[in-house]
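Asker: next input, structure requested:
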Amino acid sequence: MVVNDAEEGKEIIPADKRYVHNYYFPYVAGTDSLIYLRSTYRERPAFYIRDKDGEHLIRYRDISLDEQFSYRNGKIVYAAYETDLRWRWKDHTVIKVLDINTKEVRSLGSKTRYATPDISPYGSYIAAVKNEENGHNQVDILDAKDGSLKYVLHSEGDAMLTDPKFISEHSLVMVARLKDGQTCLVKGNFTEGMIVKITEPNFGVIGYPCVNGGLVYFTASWSGNDEIYSYNLQTNKLLKYTNGNLGNYFVNATDDLITWSKFTSEGYLLRQSSTTDLKGQEIKTIGAATRYSVANASTLPDMLAGKRSVDRVITSYSKSTGLFNFHSYRPYYSDPVFTYSIYGENILNTLQTEIYYAYNQNERTNAAGVNCWYGGSFPYLNLGVEYTFDRETVIGNRLRQWRQMDTRLGFQIPLHSTKGRNFKNFNAGAFYVLRNEFNKGFYKDSLGNTSFSYILQSISWSQQVQRAMQHSFPRLGYLLNA
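Answerer: Below you'll find the predicted structure:
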């Protein structure tokens, strides 16, 4: 019989009523220690170890896209997020190996696209899902020392593989998502290159497997709620362990203990139970997952009805299409200047334009200008013109009045790096500025029109750590300008 929700394990850490705390992927390490990832609304994600003396920080986690990590034999392995220096939209996920004793972190490879890694029982291999830009999916088996590729597991057909977990040094259990959207558990042996299904496909979602003693523990939504199940690799029996109104995730099991995270209003909190107390109920058949129909589906038109294939001629996309595409406006005030700007950006995102009016309330001057940034090349190119209508100042006992036009032409080199635990930005640029002054009154006759030019150079460097949800600004960061 499945125990009631109130009896499903005990809370390891009491809920903090002040702000949200999340505890992810608990791993039992020794007789009295527990390793997990903790992330709160006021603290950055970090790995902690909890023992009889309390909670101890191992290390703040490198910037990542998700909370998944694996632990074995003193090593934490996870996928960290990195970006290209030139293009922010070119990103990578690199496997990191953290030694909890020395606190040292090393990277396996560079510019890779790995996710949900796991380390083998003897620490020889690391299995990780590789997702290519073209949608191709496979599981790579890497050498844990240098990250070199040793084996590859491909799915049958177009199934997507995820969440690999080692059963032994050469076999894995994984979650497979089939073409029709159904998911199931599969078992693979990478020395033989073979993958077989071990549970029936179902439209319920499966995730976060954990293997211990021939049992595969995992979370599935087969009953309409995310509950913890296990599959016996020898007897093929399915057991259900929890039955509540809120989700249960990230299960980890040893011979004596089962630990997992339960979703609550205070965050994902840790629950733990002995294997003798938390009894599972055998599941003979997997129930059909709840599938919700679209409202008024019978009255909706068939979008594909009468669709015919049409031959299209492929041509080059003109880079001048929608070149001046004005889309937004913004009034802005920065003492003492009031500005009203109209912004534009072309379809290919290579040219940004701005037309603006500015009023300086200290000098009581009006100005209008145009700015253009071209990003189709590197470095970026900039052209700007600002015309100030009426300026005046007293020189001796005479009033000088003039109109002024500043023309600017230059370039800028922006570089951005997301790597490790920091965001870094470097920017360098140089601009040639030509100023033309059109004098009026007395100085028009004595000076005529005057002009001069100068070169403006700038360089900046900034670095900051990531922010927690309730951080308005990062806790550590600096900016240098010259």
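
Asker: not counting its neighbours along the chain, what's nearest Lys424?
Answerer: Ser417 (4.3 Å; CB to CB, 6 or more residues apart in numbering). (Each C-beta comes from the backbone N, C-alpha and C, glycine too.)

Asker: contact partners for the one you found?
Answerer: Glu82, Thr83, Leu85, Phe423, Lys424, Asn425, Phe426 (CB atoms under 8 Å, 6 or more residues apart in numbering).

Asker: of the residues you listed, buried ones?
Answerer: Glu82, Thr83, Phe423 (16 or more other CB atoms under 10 Å).

Asker: what about Ser298, which SS state?
Answerer: When classified by DSSP: H, G, I helix; E, B strand; the rest coil, Ser298 comes out as helix.

Asker: tell me how far the residue nearest to Lys424 lies from Phe426.
Answerer: Using CB to CB, to the nearest Å, Ser417 is found at 8 Å from Phe426.

Asker: ok but Phe431 is inside a strand, no?
Answerer: Yes - assessed with three-state DSSP, Phe431 lies in a strand.

Asker: wait, Asp256 touches Thr275, no?
Answerer: Yes - in this structure, Asp256 is within contact of Thr275 by CB atoms under 8 Å, at 6.0 Å.

Asker: the more surrounded of these two?
Answerer: With neighbours defined as other CB atoms under 10 Å, Asp256 and Thr275 compare such that Thr275 has more, 17 against 10.

Asker: ok, now which ones touch that one?
Answerer: Ala253, Asp255, Asp256, Leu257, Ile258.

Asker: skip ahead from the lowest-mean-pLDDT helix or strand in the chain and say which helix or strand is next.
Answerer: Ranked by mean pLDDT, DSSP states H and E, the weakest helix or strand in the chain is helix 442-446, scoring a mean of 83. Going down the chain from helix 442-446, the next helix or strand is strand 449-465, by DSSP states H and E.

Asker: packing partners of that next one?
Answerer: strand 422-440, strand 477-481 (3 or more CB pairs under 8 Å, 6 or more residues apart in numbering; DSSP states H and E).

Asker: deepest in the core, which of those strands is it.
Answerer: Most buried of the helices and strands packed on strand 449-465, by mean neighbour count (mean count of other CB atoms under 10 Å): strand 422-440, with a mean of 16.

Asker: sheet-wise, list the partners of it with their directions.
Answerer: For strand 422-440, the paired strands and their directions (DSSP bridges) read strand 398-419 (antiparallel), strand 449-465 (antiparallel).

Asker: now do the longest one: distance to the chain's middle.
Answerer: Centroid separation between strand 398-419 and its chain, computed with CA atoms, centre = their mean, to the nearest Å, is 34 Å.

Asker: buried residues in it?
Answerer: 400-406, 408, 410-412, 414, 416-419.

Asker: ditto for stretch 67-75
Answerer: Buried residues in stretch 67-75, counted by 16+ other CB under 10 Å: Glu67, Gln68, Phe69, Ser70, Tyr71, Arg72, Lys75.

Asker: now stretch 213-229
Answerer: Applying 16+ other CB under 10 Å to stretch 213-229 flags 215-223, 226-229 as buried.

Asker: go on, stretch 17-37?
Answerer: Across stretch 17-37, burial judged by 16+ other CB under 10 Å covers 20-29, 34-37.

Asker: average pLDDT for that stretch?
Answerer: The average pLDDT within stretch 17-37 is 93.

Asker: how far does it sit from its chain's centre?
Answerer: Counting by CA atoms, centre = their mean, stretch 17-37 comes out at 22 Å from the chain centroid.

Asker: swap in stretch 35-44?
Answerer: A distance of 16 Å separates the centroid of the chain from that of stretch 35-44, by CA atoms, centre = their mean.

Asker: pull the CA atoms of it into PDB?
Answerer: What follows is stretch 35-44, C-alpha atoms only, in PDB (Å, rounded to 0.1, in the frame of the first residue of the first chain):
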ATOM      1  CA  ILE A  35      25.300  16.300  -1.100                       C
ATOM      2  CA  TYR A  36      22.900  18.500  -3.000                       C
ATOM      3  CA  LEU A  37      22.500  21.700  -5.000                       C
ATOM      4  CA  ARG A  38      20.900  24.600  -3.100                       C
ATOM      5  CA  SER A  39      19.500  27.600  -4.800                       C
ATOM      6  CA  THR A  40      17.400  30.300  -3.100                       C
ATOM      7  CA  TYR A  41      15.800  33.500  -4.200                       C
ATOM      8  CA  ARG A  42      18.600  35.400  -2.400                       C
ATOM      9  CA  GLU A  43      21.600  33.200  -3.000                       C
ATOM     10  CA  ARG A  44      23.400  31.900  -6.100                       C
END
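
Asker: any residues touching that stretch, and which ones?
Answerer: With contact meaning CB under 8 Å, 6+ apart, stretch 35-44 is reached by 16, 19-27, 29, 45-50, 58, 60-61, 67, 69, 71, 76, 100, 267, 270, 421, 465-471, 475.

Asker: list the buried ones in it?
Answerer: Of all the residues in stretch 35-44, those buried under the rule 16+ other CB under 10 Å are Ile35, Tyr36, Leu37, Arg38, Ser39, Thr40, Glu43, Arg44.

Asker: as TSV, these with distance to Asn202 and secondary structure would be great.
Answerer: Output for the buried residues of stretch 35-44, formatted as TSV (distance: CB to CB, whole Å; DSSP: H, G, I helix; E, B strand; the rest coil):
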residue	distance to Asn202	secondary structure
Ile35	32	strand
Tyr36	29	strand
Leu37	29	strand
Arg38	33	strand
Ser39	31	strand
Thr40	35	strand
Glu43	38	coil
Arg44	37	coil
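
Asker: could the residues you listed be laid out in TSV, adding distance to Ile167?
Answerer: Shown next, in TSV, are those (distance: CB to CB, whole Å):
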residue	distance to Ile167
Ile35	21
Tyr36	23
Leu37	24
Arg38	29
Ser39	29
Thr40	34
Glu43	35
Arg44	34
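
Asker: what pairs with the helix or strand encompassing Leu57, parallel or antiparallel?
Answerer: Here Leu57, judged by DSSP H and E, is contained in strand 54-60. Strand 54-60 sits in its sheet next to strand 46-51 (antiparallel), going by DSSP bridges.

Asker: so the residue nearest in space to the middle of the chain, which of the three states?
Answerer: Central residue of the chain (CA atoms, centre = their mean): Leu65, 3.6 Å from the mean position. Following three-state DSSP, Leu65 is assigned to coil.

Asker: from Thr93, how far out is it?
Answerer: 7 Å.

Asker: what's the answer for Gln470, then?
Answerer: Applying CB to CB, the value for Gln470 to Thr93 is 26 Å.

Asker: ok, now Ile76?
Answerer: Distance, Ile76 to Thr93, using CB to CB: 16 Å.

Asker: same thing with Glu192?
Answerer: 28 Å.

Asker: tell me which of these two has more neighbours.
Answerer: Thr93 (24 against 10).

Asker: three-state assignment of that one?
Answerer: strand.

Asker: appreciated, that's everything.
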